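>>> Output the structure for:
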Amino acid sequence: MGKKDNYLSIAIGIVKEYYEHKYSIDSLKIEFDDVKEKFSKIMNMCFDDISDDGKHIFIESEGIDDDKFVVTRIISSKVTWDINKLKKVIPKKYRKSVVKKKYNVTDWQGMFQYLKDIGVDFDEFKKYLDCEEYVLESSIDKLIDLGYVDSDSIKECSIVETKEPQYRVSKKK
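Got it, this is the predicted structure:
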């Protein structure tokens, strides 16, 4: 038996072993995804009726182990701000602490060439920049706490999107 035959024999064995494990992992993942989807549907349907606080369900399994489980519902959300509306609501002297600007240079070579030629016209200079405005929510909270802005008027400047609930299951001892 030559070196090539020996390596081929080893390769055949490891390829078979790899394929069998990969196939079993893939099929297990498919089964898990199916059970997870079923679990989520049932939790979405009955969670509010079972939960006392709207956040947790406590389940005790009667049997050999007498396991105790906690199911926690997690609902994440995303806030999208209408910055132009927000600027109208926030007093002018506080706008810069709430609405921040981030500039990204989109053409470094063009910008440097332009600066070399110096005749720096700001409008021309801004063509090479991309400005992104974003909101510092902590600053809004401070302004509301201090009474400089009304929380109801701030709410009109945002859209809150809630995502599908997710559930975490943990075992209690």
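>>> Hmm, Asp67 is touching Lys171, no?
Yes: using CB atoms under 8 Å, Asp67 is in contact with Lys171, at 6.2 Å. Any C-beta I mention is one placed from the backbone N, CA and C, and that applies to glycine too.
>>> More neighbours: these two, which one.
The residue with more neighbours, out of Asp67 and Lys171 and counting by other CB atoms under 10 Å, is Asp67; that gives 13 against 10.
>>> if you skip the residues just before and after it, what's nearest to the more buried one?
Nearest in space to Asp67, with sequence neighbours left out and distances taken as CB to CB, 6 or more residues apart in numbering, is Ser61 at 4.4 Å.
>>> okay, now that neighbour: neighbour count?
Per other CB under 10 Å, the neighbour tally for Ser61 reads 11.
>>> And for Ile57?
Counted with other CB under 10 Å, residues neighbouring Ile57 total 19.
>>> Quickly list what it is bridged to.
Legend: beta-bridge partners of Ile57 under DSSP bridges are Val71.
>>> ok, and what's touching the one helix or strand Phe125 maps to?
Assigned by DSSP states H and E, Phe125 belongs to helix 122-126. Residues from elsewhere that reach helix 122-126, judged by CB atoms under 8 Å, 6 or more residues apart in numbering: Met111, Tyr114.
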